[in-house]
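Student: Mind folding the following:
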Amino acid sequence: MDTWDADRLFTVIEELVLCHSPSGVEAEVDRYIQQWLDKLDVEYWQDEADNIVVKIPGRTSDGAIAVTAHKDEIGGLVKGIEPAGRLQVRRLGGAYPWVYGEGVVDLLGDNETISGILSFGSRHVSHESPQKVQQEGKAVHWETAWVETKLSTGELVKAGVRPGTRMVVGKHRKRPFRLGDYIASYTLDNKASVAILLGLAERVKNPPVDVYLVASAKEEVGAIGALYFSQRQRLSRLIALEICPLAKEYPIADGPRPVLFAQDSYGLYDELLNQEILAAASTVGINLQQAVVSQFGSDASIAMKFGHVPRGACLSFPTQNTHGYEIAHLDAIANCLTVLTTYLNDSIGPTG
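Tutor: Down below sits the predicted model:
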């Protein structure tokens, strides 16, 4: 097996993070994933919903299982264009302007990517200026923020910037930072999970049943890609790879131990499938944490809620600052890869 140590994981995640992929405009990360898969002896395709699907044939096609990691990221959406190159923006997925702060953002125009400055207004002002209230305890909202480009309307039109154009954090601000055993970066949700998926594409060989590895599209806006795939492909189980929020309300320890969810906002995960994953983890000496979380959904829980799959699970790694500048232990990410490699190659149980 190829070695997926902390250094290699950091490098792969960094390369993925630097591929912009706001929901629905994911071509840049698609190219990276496809180039990676081209180097492997695997069958893959991109479906009509923009998912990239790897099929690893098993010893039987009965009871096929899927593992998903969404490839899209949150950001902003241009709503309107004002004179002097100022853009009105609204959120795409669970993005908040105060998390990004003032600074460079990239606008993915139809013809070219241009940069602008996410702006909240000057501070040396009185209550005559509307941004004064933002200095007095009120959070900045998208409706009171804007992007300055200093371009003419004609220049913006030429670049293909229009209502609906995606906005993401500027690429030079996204480069991950190493904090000892930790990686800190925007969009670890869910680029780190895509790295795990690529590791599985290398490591899973001749599993008991057919395995589909799905880099799913448009998860942040409703798990659209996973719902499309799971509606058309008969599956016995679906496992989503995700981040796990670290917060005082959850009894989850930061560090190298992955987390298996029992419930999220969309409902219960399958207890039998969770027990299978826990058993696989135990065989390789990894003690998983378990958690109930709120304000959260995954490809698996959403697909279960809509009746697309009978059993779903979500394996995750503990993460600080979720949907912001996220921090996660590299060994937790690596341990997710180890657990799923073991489960898919050796420990898949009966489908009943």
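
Student: can we go C-alpha only for contacts and neighbour counts from here?
Tutor: Noted.

Student: shouldn't Leu213 be in contact with Gly199?
Tutor: No - if you go by C-alpha atoms under 8 Å, Leu213 and Gly199 don't touch, sitting 10.4 Å apart.

Student: And the helices in the stretch 51-200 of the chain?
Tutor: For the stretch 51-200 of the chain, the helices defined by DSSP state H, counting those that start in this stretch occupy 97-100, 153-159, 171-174, 188-203.

Student: Pick the most buried one from these.
Tutor: Most buried of the helices of the stretch 51-200 of the chain, by mean neighbour count (mean count of other C-alpha atoms under 10 Å): helix 188-203, with a mean of 25.

Student: which residues sit against the helix or strand just after that helix?
Tutor: As assigned by DSSP states H and E, the chain's next helix or strand after helix 188-203 is strand 209-216. The contact list for strand 209-216, computed with C-alpha atoms under 8 Å, 6 or more residues apart in numbering, reads 50-72, 194, 197, 200-201, 223, 225-226, 344, 348.

Student: got the angle between strand 209-216 and helix 188-203?
Tutor: 150 degrees (axes from the mean of the first three to the mean of the last three C-alpha atoms, to 10 degrees).

Student: Please enumerate the strands of the stretch 151-300 of the chain.
Tutor: For the stretch 151-300 of the chain, applying DSSP state E, counting those that start in this stretch gives strands covering 166-169, 177-179, 182-185, 209-216, 237-245, 259-264, 267-268, 289-292.

Student: Quick check: can you list the domain ranges of the protein?
Tutor: Here the domain parsing of the chain from automatic domain parsing is 6-73+187-347, 75-173.

Student: With distance to Gly180 and mean pLDDT added, can I get the ones you listed in CSV?
Tutor: Putting the domains of the chain into CSV (distance: least, C-alpha to C-alpha, whole Å; pLDDT from 0 to 100) gives the following:
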stretch, distance to Gly180, mean pLDDT
domain 6-73+187-347, 9, 97
domain 75-173, 20, 90
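
Student: Of those, flag the one that's most buried.
Tutor: Neighbour counts (mean count of other C-alpha under 10 Å) averaged over each of those peak at domain 6-73+187-347, with a mean of 20.

Student: just how off-centre is that domain within its chain?
Tutor: Centre-to-centre, domain 6-73+187-347 and its host chain are 9 Å apart (C-alpha atoms, centre = their mean, to the nearest Å).

Student: Quick check: end-to-end length of that domain?
Tutor: Distance across domain 6-73+187-347, first residue to last, is 25 Å (C-alpha to C-alpha, to the nearest Å).
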